[in-house]
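Novice: Test case, fold it:
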Amino acid sequence: MRTAILAAMMMVAGTAMAQEDKFVLQDGPGRDKAMQCTACHSLDYIAMNSRFLDKAGWTAETNKMINVFGAPIAKEDVDAIATYLTEHYGKK
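Specialist: All right, here's what the predicted structure looks like:
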């Protein structure tokens, strides 16, 4: 029983990991800074939020990730990240 549960958990984990990071960030200035987001979540979050967020929204989201969730991102990188995300994935 214990082995079956462990095997099922590994199968589910393997499936989840196999689906991670299908989304790839576009090249451009600030991409390396935006890649820091993957320390906490997949890049799919960027794609999911892209149609809702403008520069102010991306700035607020990045600051929330730092201040509320403790994301390991330097405060001086916030503008570069928000600018990159706005230019490539901002609200049209």
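Novice: Show the contacting residues for the closest residue in space to residue 45 that isn't next to it in sequence.
Specialist: Closest residue to residue 45 apart from its sequence neighbours, by Cβ to Cβ, 6 or more residues apart in numbering: residue 37 at 7.3 Å. (C-beta placed from N, C-alpha, C; glycine too.) By Cβ atoms under 8 Å, 6 or more residues apart in numbering, the contact list for residue 37 reads 43, 45-46, 65, 71, 73, 81.
Novice: Please list only the buried members of the residues you listed.
Specialist: 43, 46, 65, 71, 73, 81 (16 or more other Cβ atoms under 10 Å).
Novice: Next one: the closest residue to residue 90 other than its chain neighbours from residue 72, what distance?
Specialist: If the residues on either side of it in the chain are set aside, residue 90 comes closest to residue 54, at 5.6 Å by Cβ to Cβ, 6+ apart. To residue 72, residue 54 is 25 Å away according to Cβ to Cβ, to the nearest Å.
Novice: The protein: helices as residue ranges?
Specialist: Here the chain has its helices, by DSSP state H, at 2-19, 31-34, 44-49, 55-67, 78-89.
Novice: In terms of secondary structure, what does the shortest one contact?
Specialist: Where contact means 3 or more Cβ pairs under 8 Å, 6 or more residues apart in numbering; DSSP states H and E, helix 31-34 is packed against helix 78-89.
Novice: So for the helix it packs on, what gets flagged as buried?
Specialist: Within helix 78-89, judged by 16+ other Cβ under 10 Å, the buried ones are 78, 80-86, 88-89.
Novice: which residues touch that helix?
Specialist: 25-26, 28-31, 33-34, 36-37, 46-47, 49-50, 53-55, 58-59, 62-63, 66, 73.
Novice: Quick one: distance of it to the chain centre.
Specialist: Centre-to-centre, helix 78-89 and its host chain are 13 Å apart (Cα atoms, centre = their mean, to the nearest Å).
Novice: That one to helix 55-67, inter-axis angle?
Specialist: Comparing the axes of helix 78-89 and helix 55-67 via axes from the mean of the first three to the mean of the last three Cα atoms, to 10 degrees yields an angle of 130 degrees.
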